[in-house]
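Chemist: Mind looking at a prediction? Sequence and model below.
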Amino acid sequence: MNDRYQGLVRLVEKQAGENFRSAIRYDEDGWTALYIRKDLATADLQRVVPGLTQRARDAEPLIREQDYDGLGAQRASISLHAKAVLIHYREGEDAGVVVTLDKDVARNLADFVARCEGILEASAD
């Protein structure tokens, strides 16, 4: 795992602690687990991740910048579930990172998303 993703995992671990569920990076060649909490490292998770990454690749912003530039480019998308929050950071056409957290972490989500994005952007250069 390169420094870019190590920095992201360290930040999420520091901020979310035991509420950090997983971080998965995907690209055109497949996916890589950056972090998976022990209790979630199951065959069921292994089975669903390929579908999750394909849906992440196919996901379109609700409002595209070319349709309405008043919001600017989409930085991340967030999906709130009964037990977890998924944050999807797109890194290109076929690449990105999906971070999952226990739902209790969603209190200060906007600031948290921005800090994670800053790490990904700073090391992309």
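Modeler: Alright, I've got the coordinates.
Chemist: and the lowest-mean-pLDDT helix or strand in the chain, which residues are buried?
Modeler: Ranked by mean pLDDT, DSSP states H and E, the weakest helix or strand in the chain is helix 109-122, scoring a mean of 81. Within helix 109-122, the residues scored as buried using 16 or more other CB atoms under 10 Å are F112, V113, C116, E117, I119, L120. The C-beta positions use only the backbone N, C-alpha and C, and glycine is treated the same way.
Chemist: Can I get the residues you listed in CSV including distance to G51?
Modeler: Listed next are these as CSV, based on distance: CB to CB, whole Å:
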residue, distance to G51
F112, 26
V113, 24
C116, 23
E117, 25
I119, 27
L120, 23
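Chemist: what about L8, neighbour count?
Modeler: Here the count is done by other CB atoms under 10 Å, and L8 has 25 residues near it.
Chemist: from memory it sits against F20, does it?
Modeler: No - if you go by CB atoms under 8 Å, L8 and F20 don't touch, sitting 10.9 Å apart.
Chemist: Quick check: neighbours shared by the two?
Modeler: Both L8 and F20 are contacted by V99, under the criterion CB atoms under 8 Å, 6 or more residues apart in numbering.
Chemist: Among the buried residues of helix 109-122, find me the one that's closest to A41.
Modeler: Proximity of the buried residues of helix 109-122 to A41 (CB to CB) peaks at C116, which lies at 21.8 Å.
Chemist: so who does the closest one touch?
Modeler: L8, L11, V12, A76, I87, Y89, V99.
Chemist: Minimum pLDDT in those residues, which residue is that?
Modeler: Lowest model confidence among the contacts of C116 falls on A76, which carries 91.
Chemist: residue contacts, that one?
Modeler: With the criterion set at CB under 8 Å, 6+ apart, A76 makes contact with I87, H88, Y89, R90, V113, C116, E117.
Chemist: Name the residues linked to the first one by a beta bridge.
Modeler: Taking DSSP bridges as the rule, I87 bridges to I78, V99.
Chemist: Model confidence for the most centrally placed residue in the chain, exactly?
Modeler: Centroid check for the chain by CA atoms, centre = their mean gives V98 as the closest residue, at 2.5 Å. Looking at V98, its pLDDT reads 96.
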